[in-house]
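S.K.: 3D model of this:
(one chain, ligands or ions: 2)
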Amino acid sequence: MTYHTNRTKGVAVIMVLLVLAIVAITTAALVKRHQFNQAMASQVIHLGQAKAHIQGAEHFAYQLLRQDRQDNNIDHQGETWAQSAPPTPVEQGFLHGKMIDLQGKFNLNSLVIDDLVHSPSLAVFKRLLDQHQLKPQLSDYLVDWLDTNSETTQGTLEDAYYLALKAPYRSANQYLLDVSELGLVRGFDANAMALLKPYVTTLPLSSNKASKINVNSAKAGMLMAMSETISQNKAQQLITSGKLNYWPNVAKFVDAAVGQKSVTNKAQWQELSDISTVSSAYFGLNITAQFGVSTTHLESTLHRSNNGTVSVISRMYTP
Ligand SMILES: [Ca+2]
Ligand SMILES: [Ca+2]
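M.R.: Ligands and ions are numbered 1, 2, ... in the order given. Okay, the predicted model is just below:
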């Protein structure tokens, strides 16, 4: 009898312990779920706050560009739009942004104009490849990717290479929308992409004309690629002079780069002049907003028309 009572008591104790364990587990799960829901809710709130602030900053950037066009027709790095805003505290978060002149880079789409190779642009791109010890054939592969026909200049089929790949695809035969697409083109491996990225961009062609490069925003490597006569030293000199005092017009820059136009340098002078500008229409905007643990990033490409109207060409949020 005693044995039976003890056994019953033992079973009861185990039952109580079991119930307690279940209660503890359930409570822990509920607390965890509550914390998770709370975290989710604050994440959603923070994300909403971040996006609202980013949109505000984006509109501010449009205004800067619009105002700038009303003020002048020259674009350089000393102007307000070109100054990056350091992380600025806003209500419950931080906001920072940067605008770059995309015309300080080489527009890859300029290689093919009216379905034909644009020789001045090809020369720039070949020098850019050479500068980074990349094969000159890369420019041929890119031209074939951009032009509408499916034959290479050697008369072979462009797609022969792409269709033989493990995951086959065809040549796009159209303009690039993003620099990352270059990774699909024959020969453009990760190394080539990384080397070229600071110097190249993909912009629409205004009135089907090759894009000009803004010499007030171009890096030294870009200036070297723009003319065979611009050495590394010369490019550095031009950058230094441009920083002290921006180039107010193309002629002043070209004179400084290749010397005043004369019988001997006439061709080089004209060549460099034809691909240069001091006025930009395309800008890249990067805005980061940090609220709580959420960081949201916006990358957009803006177009500014001659009268200052700003429109968005592309916009990408992460996340
Ligand atoms: Ca300006
Ligand atoms: Ca083609």
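S.K.: contacts, neighbours, all on C-alpha from now
M.R.: Noted.
S.K.: Report all helices and strands that the host helix or strand of Gln63 contacts.
M.R.: Element membership for Gln63 (DSSP states H and E) is helix 2-71. When contacts are defined as 3 or more CA pairs under 8 Å, 6 or more residues apart in numbering; DSSP states H and E, helix 2-71 packs onto strand 93-101, strand 282-291, strand 294-304, strand 310-318.
S.K.: can we see that at 7 Å?
M.R.: Where contact means 3 or more CA pairs under 7 Å, 6 or more residues apart in numbering; DSSP states H and E, helix 2-71 is packed against strand 282-291, strand 294-304.
S.K.: distance of Gln154 from Phe283?
M.R.: 37 Å (CA to CA, to the nearest Å).
S.K.: Looking at those two, which has the bigger crowd around it?
M.R.: In this view Gln154 and Phe283 are compared by other CA atoms under 10 Å, and Phe283 has more residues nearby, 24 against 7.
S.K.: tell me the contacts of Ser84?
M.R.: By CA atoms under 7 Å, 6 or more residues apart in numbering, Ser84 lies in contact with Gly97, Lys98, Met99.
S.K.: For Ala256, state which of these is nearest.
M.R.: Ala256 has its nearest neighbour among the contacts of Ser84 in Met99, at 27.5 Å by CA to CA.
S.K.: Now for the closest one, how many residues are close by?
M.R.: Using other CA under 10 Å, Met99 is surrounded by 22 other residues.
S.K.: what bridges to the nearest residue to it once chain neighbours are set aside?
M.R.: Using CA to CA, 6 or more residues apart in numbering and skipping residues adjacent in sequence, the residue nearest Met99 is Leu285, 4.5 Å away. Per DSSP bridges, the residues bridged to Leu285 are Met99, Ser300.
S.K.: Could you give the number of residues near Leu285?
M.R.: Applying other CA under 10 Å, we find 20 residues neighbouring Leu285.
S.K.: Closest residue of the protein to ligand 1?
M.R.: Asp75 (3.7 Å; CA to the ion).
S.K.: Make sure that residue is actually in contact with Ser279.
M.R.: Yes - the criterion here is CA atoms under 7 Å, and Asp75 meets it with Ser279 at 5.1 Å.
S.K.: Any residue of stretch 53-63 touching ligand 1?
M.R.: No - for stretch 53-63, no contact with ligand 1 is found by CA under 5 Å from the ion; the gap never falls below 12.6 Å.
S.K.: With stretch 294-314 instead?
M.R.: No - no part of stretch 294-314 sits close enough to ligand 1 to count as contact by CA under 5 Å from the ion; the gap is at least 10.4 Å.
S.K.: gap between that stretch and the chain center?
M.R.: Centre-to-centre, stretch 294-314 and its host chain are 12 Å apart (CA atoms, centre = their mean, to the nearest Å).
S.K.: try stretch 39-46
M.R.: Relative to its chain's centre, stretch 39-46 lies at 29 Å (CA atoms, centre = their mean).
S.K.: neighbours of Phe36, just the number please.
M.R.: Neighbourhood size, Phe36 [other CA under 10 Å]: 12.
S.K.: What distance do you get for it to Val44?
M.R.: To Val44, Phe36 is 12 Å away according to CA to CA.
S.K.: Identify the contacts common to these two.
M.R.: Listed as contacting both Phe36 and Val44 by CA under 7 Å, 6+ apart is no residue at all.
S.K.: Can I take it that Ser207 is in a helix?
M.R.: Yes - counting by DSSP: H, G, I helix; E, B strand; the rest coil, Ser207 is found in a helix.
S.K.: Can you give me the neighbour number for it?
M.R.: The number of residues near Ser207, taken as other CA under 10 Å, comes to 7.
S.K.: What residues of stretch 118-135 count as buried?
M.R.: Neighbour-count burial for stretch 118-135, counted by 16 or more other CA atoms under 10 Å, picks out His118, Pro120, Ser121, Leu122, Ala123, Val124, Phe125, Lys126, Arg127, Leu128, Leu129, Leu134.
S.K.: pLDDT score assigned to the second one?
M.R.: The predicted local confidence for Pro120 comes out at a pLDDT of 97.
S.K.: before we move on, which element is it in?
M.R.: With DSSP H and E as criterion, Pro120 is part of helix 119-131.
S.K.: So which residues on the stretch 151-300 of the chain come close to ligand 2?
M.R.: By CA under 5 Å from the ion, the residues of the stretch 151-300 of the chain that approach ligand 2 are Asn173.
S.K.: where along the stretch 151-300 of the chain do the helices fall?
M.R.: Taking DSSP state H, counting those that start in this stretch as the test, the helices found in the stretch 151-300 of the chain are 159-163, 190-196, 220-226, 232-244, 250-258, 266-275.
S.K.: quick one, which of these is packed in tightest?
M.R.: A comparison of the helices of the stretch 151-300 of the chain by mean neighbour count, using mean count of other CA atoms under 10 Å, puts helix 220-226 on top with a mean of 24.
S.K.: contacts for that helix?
M.R.: Val124, Arg127, Leu128, Tyr199, Ile230, Ser231, Gln232, Ala235, Gln236, Ile239, Leu272.
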